[in-house]
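S.K.: Got a predicted model here, sequence first, then my questions.
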Amino acid sequence: MVRTLEQAIAQISRLPAADQEEIGRKLLSHVEKLGALRSEIDRGIHSLDAGKGETLNMEKFLREKNSRHGGA
């Protein structure tokens with residue numbers, strides 16, 4: 001385990017149980033999201049390596065993404 005994580009866990013262990021539980025749930029959620037993202041990236045890389053990539057129209061892509069998120 002890296003030193004920073006060990007220090008964080010040591011500090012968290014001094015908190016009340018309810019706070020520790022909340023931090024633990026948030027950390028697990030974050031780790032699960034990272035795992036899912038890494039899996040998606042791996043699938044994309046394998047797809048590109050297999051020659052299945054396509055040219056991306058960046059303007060169209062950004063318009064579609066922005067329209068789904070209220071123009072942000």
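M.R.: Yep, that arrived. The structure presented is a predicted model; accordingly, all values stated were derived computationally and were not measured. Numbers count the residues shown, from 1 in each chain.
S.K.: Tell me which stretches of the chain form helices.
M.R.: Chain-ordered helices for the chain, with DSSP state H as the definition, fall at 3-12, 17-49, 58-68.
S.K.: tell me, which of these is the model least confident about?
M.R.: Of all those, the minimum mean pLDDT falls on helix 58-68 (a mean of 91).
S.K.: elements contacting that helix?
M.R.: Secondary-structure packing of helix 58-68 (3 or more C-beta pairs under 8 Å, 6 or more residues apart in numbering; DSSP states H and E): no helix or strand packs against it. (Each C-beta comes from the backbone N, C-alpha and C, glycine too.)
S.K.: Mind listing residues that contact stretch 35-43?
M.R.: Stretch 35-43 is contacted by no other residue when judged by C-beta atoms under 8 Å, 6 or more residues apart in numbering.
S.K.: Let's see it as PDB, backbone CA atoms only.
M.R.: In PDB, the C-alpha atoms belonging to stretch 35-43 read as follows (Å, rounded to 0.1, in the frame of the first residue of the first chain):
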ATOM      1  CA  GLY A  35     -12.400  -0.100 -12.700                       C
ATOM      2  CA  ALA A  36     -15.300   0.300 -15.100                       C
ATOM      3  CA  LEU A  37     -13.500   3.200 -16.800                       C
ATOM      4  CA  ARG A  38     -10.300   1.100 -17.200                       C
ATOM      5  CA  SER A  39     -12.300  -1.800 -18.600                       C
ATOM      6  CA  GLU A  40     -14.000   0.600 -21.200                       C
ATOM      7  CA  ILE A  41     -10.600   2.000 -22.200                       C
ATOM      8  CA  ASP A  42      -9.200  -1.600 -22.600                       C
ATOM      9  CA  ARG A  43     -12.100  -2.500 -24.800                       C
END
